[in-house]
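1. What follows is a predicted protein model with its sequence.
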Amino acid sequence: MILLVHMLFGSAIGYTVYSLTNQIWLSFLLAFLSHYFLDLFPHIEYLASTEDSVKKLKSKSPKEYLPDLFKVIVDFLSGILLIYFVSIDQPYIYFCAIIAILPDGLTVINSLFEINILKKHHYFHGKIIHFLKYKKISKFWRISTQATAFIISIYLLLL
Ligand SMILES: [Zn+2]
């Protein structure tokens, strides 16, 4: 799922949980877990795969890796900007957004360095959580799930 949706959803969960419980650690934990929750739904990605992008990065040829890197940076910055506009603009909200994309960060680190514990995480995140990735599900549904998560997040952040 795109970073923007993960970031918005994570910050919305963090904000809602903190507003309701006043427990900052609980809001961080749930913002983190929200990543796996969202990835359970069928979705579409703009990169072929993390492994593929890391391979391009390792090729050290800017022509290969710059397009992917550019997309990721635009995706990330749009997330930050949107949170700035729709949230109460508190540091912990941004922190929740960063925590919410940590699982994808761990996958990138795993593809770069192949660390044993991260390999296990990669299996969990890439294969178990993304079990719908190779199922035949239309683009319409794959986009609808992200749009729904997006709308719910904006709604929660504006409360
Ligand atoms: Zn993910």
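-> Yes, it's here. Numbers count the residues shown, from 1 in each chain.

2. What parts of the protein come near the ion?
-> By Cβ under 5 Å from the ion, the residues of the chain that approach the ion are 39, 104. Heads up, the C-betas are built off the backbone N, CA and C, glycines and all.

3. confidence score at the residue of the chain most remote from its centre?
-> Centroid-distance maximum for the chain: residue 61 at 26.1 Å, with Cα atoms, centre = their mean. The per-residue pLDDT reported for residue 61 equals 87.

4. What values do phi and psi take at it?
-> Backbone torsions of residue 61, given as degrees, to the nearest 10, read phi -100, psi 110.

5. Could you check how far it is from the ion?
-> Plainly put, residue 61 is 26 Å away from the ion if you go by Cβ to the ion, to the nearest Å.

6. next one: residue 19
-> 26 Å.

7. do you know how far the residue nearest to that residue when sequence neighbours are not counted is from the ion?
-> Nearest residue to residue 19 in three dimensions, chain neighbours excluded: residue 159, at 7.9 Å (Cβ to Cβ, 6 or more residues apart in numbering). Distance, residue 159 to the ion, by Cβ to the ion: 26 Å.

8. Distance check, residue 159 against residue 64.
-> According to Cβ to Cβ, to the nearest Å, residue 159 and residue 64 sit 43 Å apart.

9. For these two, indicate the residue with more neighbours.
-> residue 64 (15 against 9; other Cβ atoms under 10 Å).

10. Need the three-state assignment for the more buried one.
-> Under DSSP: H, G, I helix; E, B strand; the rest coil, residue 64 falls in the helix class.
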